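K.L.:
make a model of this:
(chains A and B)
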Number of protein chains: 2
Amino acid sequence: MRQNLNCIIASTSTIHGLGYLEYLKPTLKKFFKEKKKLVFIPFARPGGITHDAYTDKVREELDDIFDTIKGLHEYENPEQALKDADAIFTGGGNTFLLVKTLHDKNLMTTLKEEILKGKAYLGTSAGSNICGINMQTTNDMPIVYPSSFETMGILKFNINAHYLDPNPHSTHKGETRETRLKEFQAQNNINVIGLREGSYIKAEGEKLTLEGGLKARIFEPGKEAYEIESGENLDFL
Amino acid sequence: MRQNLNCIIASTSTIHGLGYLEYLKPTLKKFFKEKKKLVFIPFARPGGITHDAYTDKVREELDDIFDTIKGLHEYENPEQALKDADAIFTGGGNTFLLVKTLHDKNLMTTLKEEILKGKAYLGTSAGSNICGINMQTTNDMPIVYPSSFETMGILKFNINAHYLDPNPHSTHKGETRETRLKEFQAQNNINVIGLREGSYIKAEGEKLTLEGGLKARIFEPGKEAYEIESGENLDFL
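P.N.:
Below is the predicted model of the structure:
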């Protein structure tokens, strides 16, 4: 399944102190080199932003890389648009809304097929969650009810984006991220990678690598969680 | 619908520095006075604890109030058990797991009917979320897929338990609770009360009151969020 992947699967679009996609920009310039036509999937709508406004934001940041950038909502035939694109970017926001919209429009399978054929794909946050087996390790609020929690399964494990370490000084009794992921694994036999903000997975052909200079945290059912270093291969997951 | 309510709907079972249910104990002694038979609903399974172990934990804390405490999972006919109980307590944990289990066992409606008839009900966290219109303002991870997100609708608004104010010093780019609730309201025309840890709603007959000594935060679609004081009436919601 993995042989033709060409993806950047990032924890977040934005890190503290920098603008939208700024920390990734040098990487994206290389990654998307010679790609002319980007289709952007705006369905996750962070903060309820419109599809148009979200696409404009991406156009502003990436217009020096691509000749054309269009939102998937602008096409009469979105399935064909995914097939015709040189590159696809799914932005972050609410994962429930993204997954519901992709299922309702019957686009999850087409998107998966295009990525498996080797189309250049960038996902950030919710757009990365959908690369996993299911969306059940999202941090988002269930603001809509998707017809299914299943996602593309491009990766044979799940992503927890914006992974956050427990705060030792917190007096809050809500559960830590690690506890939530353990609860997930009590119900699901699926490995999870906790990607801290600034980390991303680079998928090239058959090879998956952790990139971004930060450690990531690996959760395997029935095992103690452990850390891996940036630059390490993730094919074992 | 509200006329016979007799409920305590709490943000959390436990506050920082105190044991399980400890901060609520004096309130519960009065509230459950002369009730002999408690049925406990352990389905939310915090941290993946077993139904038996969770029920034992409640038995330990509340055995000076009741003659008998049994877990709903111990009954051959759980519907009848809810009807026969003097009082019902639904504990916290994972709201997706709680709601899925109640729907799968066809118990959501029976529970609602018993509460509307005036049966004494205690909810903490996930057990409070189900008093709202739907579970879509939970903070929990979607570790299982419920057949529906609808809950009892005992209250004509939704609860956000463990409500957390934004941390002005945070460098994390994940969304604040308030942003998530605004995203919920972009999709759903439902009021929400953010209950901080230590707050609870007391429902007596037709009257709803905020209790616990802390302010709560009210979210109405299309309005700025605002605070209300402990002791205030919540019937306007």
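
K.L.:
for chain A, give me the ranges with low pLDDT.
P.N.:
Flagging of chain A using pLDDT under 70 yields the residue ranges A:1-3.

K.L.:
could you pull out the helices for it?
P.N.:
Counting by DSSP state H, one finds helices in chain A at the ranges A:25-31, A:51-62, A:78-84, A:95-104, A:108-116, A:126-129, A:177-187.

K.L.:
buried sites along the last one?
P.N.:
Meaning helix A:177-187. A:177, A:178, A:180, A:181, A:182, A:183, A:184, A:185, A:186, A:187 (16 or more other CB atoms under 10 Å in any protein chain shown). (Glycine included, C-beta is placed from N, CA and C.)

K.L.:
next, format the residues you listed as JSON lines and append distance to residue B:118.
P.N.:
Putting the buried residues of helix A:177-187 into JSON lines (distance: CB to CB, whole Å) gives the following:
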{"residue": "A:177", "distance to residue B:118": "40"}
{"residue": "A:178", "distance to residue B:118": "41"}
{"residue": "A:180", "distance to residue B:118": "36"}
{"residue": "A:181", "distance to residue B:118": "40"}
{"residue": "A:182", "distance to residue B:118": "39"}
{"residue": "A:183", "distance to residue B:118": "34"}
{"residue": "A:184", "distance to residue B:118": "38"}
{"residue": "A:185", "distance to residue B:118": "41"}
{"residue": "A:186", "distance to residue B:118": "36"}
{"residue": "A:187", "distance to residue B:118": "35"}
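
K.L.:
contacts with chain B among those, please.
P.N.:
Restricting the buried residues of helix A:177-187 to those within reach of chain B (CB under 8 Å from any CB of the partner chain) leaves A:180, A:181, A:182, A:183, A:184, A:186, A:187.

K.L.:
out of those, which comes closest to residue B:158?
P.N.:
residue A:180 (20.4 Å; CB to CB).

K.L.:
my guess is that closest one meets residue B:138, correct?
P.N.:
No. Here residue A:180 does not reach residue B:138: they are 11.5 Å apart, not a contact under CB atoms under 8 Å.

K.L.:
spatially central residue for chain A, please.
P.N.:
Central residue check for chain A by CA atoms, centre = their mean: the C-alpha nearest the mean position is that of residue A:128, 1.0 Å away.

K.L.:
tell me the contacts of that residue?
P.N.:
A:9, A:10, A:11, A:92, A:159, A:161, A:195, A:200, A:201 (CB atoms under 8 Å, 6 or more residues apart in numbering or on different chains).

K.L.:
what's near enough to touch the last one?
P.N.:
The contact partners of residue A:201, taken as CB under 8 Å, 6+ apart, are A:7-10, A:128, A:155, A:159, A:193, A:195, A:208-211, A:234.

K.L.:
who does it bridge with?
P.N.:
With DSSP bridges as the criterion, residue A:201 is bridged to residue A:9, residue A:210.

K.L.:
grab the nearest non-local neighbour of the residue of chain A most remote from its centre.
P.N.:
Residue distances from the centre of chain A (CA atoms, centre = their mean) peak at residue A:171, which lies 31.0 Å from the mean C-alpha position. Counting by CB to CB, 6 or more residues apart in numbering or on different chains, residue A:171 lies nearest to residue B:16, which is 3.8 Å off, once chain neighbours are set aside.

K.L.:
if we can go back for a sec, let me know which of the helices of chain A is tucked in deepest.
P.N.:
Highest mean neighbour count among the helices of chain A (mean count of other CB atoms under 10 Å in any protein chain shown): helix A:126-129, with a mean of 28.

K.L.:
can I get the CA coordinates of it in PDB?
P.N.:
C-alpha atoms of helix A:126-129 as PDB (Å, rounded to 0.1, in the frame of the first residue of the first chain):
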ATOM      1  CA  ALA A 126      -7.100  17.600  10.800                       C
ATOM      2  CA  GLY A 127      -5.600  17.100   7.300                       C
ATOM      3  CA  SER A 128      -3.000  14.800   8.900                       C
ATOM      4  CA  ASN A 129      -5.500  12.900  11.100                       C
END
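
K.L.:
now it, how far from the chain's geometric center?
P.N.:
Distance of helix A:126-129 from the chain centroid (CA atoms, centre = their mean, to the nearest Å) equals 3 Å.

K.L.:
swap in stretch A:118-125?
P.N.:
8 Å.

K.L.:
so who does residue A:152 touch?
P.N.:
A:108, A:111, A:112, A:115, A:130, A:131, A:132.

K.L.:
circling back: out of the contacts of residue A:128, which one sits closest to chain B?
P.N.:
Distance to chain B across those (CB to the nearest CB) is lowest for residue A:161, with 8.3 Å.

K.L.:
is stretch A:59-68 up against chain B anywhere?
P.N.:
No. Using CB under 8 Å from any CB, stretch A:59-68 stays clear of chain B, coming no nearer than 15.6 Å.

K.L.:
which residues touch that stretch?
P.N.:
Looking at what lies outside stretch A:59-68 - CB under 8 Å, 6+ apart - the contacts are A:19-21, A:25, A:28-29, A:32, A:35-38, A:40, A:69, A:86-87, A:89.

K.L.:
ok, and the most crowded of those?
P.N.:
Neighbours here mean other CB atoms under 10 Å in any protein chain shown. Within the contacts of stretch A:59-68, the largest count is held by residue A:40, at 28 neighbours.

K.L.:
that residue against residue A:91, yeah?
P.N.:
Yes. Residue A:40 is in contact with residue A:91 according to CB under 8 Å; the separation is 6.7 Å.

K.L.:
which residues are common contacts for those two?
P.N.:
With CB under 8 Å, 6+ apart as the test, residue A:40 and residue A:91 both reach A:54, A:58.

K.L.:
could you pull out the strands in chain A for me?
P.N.:
A:5-10, A:37-41, A:68-71, A:87-90, A:120-124, A:158-160, A:192-194, A:200-205, A:207-211, A:216-219, A:226-228 (DSSP state E).

K.L.:
what's the most buried one of those?
P.N.:
strand A:158-160 (a mean of 27).

K.L.:
touching chain B at all, that strand?
P.N.:
No. On the criterion CB under 8 Å from any CB, strand A:158-160 is out of touch with chain B, staying 8.9 Å away.

K.L.:
chain center to that strand: distance?
P.N.:
9 Å.

K.L.:
now stretch A:23-33
P.N.:
16 Å.

K.L.:
what's the answer for stretch A:217-236, then?
P.N.:
The answer for stretch A:217-236 is 18 Å, by CA atoms, centre = their mean.

K.L.:
and that stretch, what's buried?
P.N.:
Those would be A:217, A:218, A:219, A:220, A:228, A:232, A:234, for stretch A:217-236 by 16+ other CB under 10 Å.
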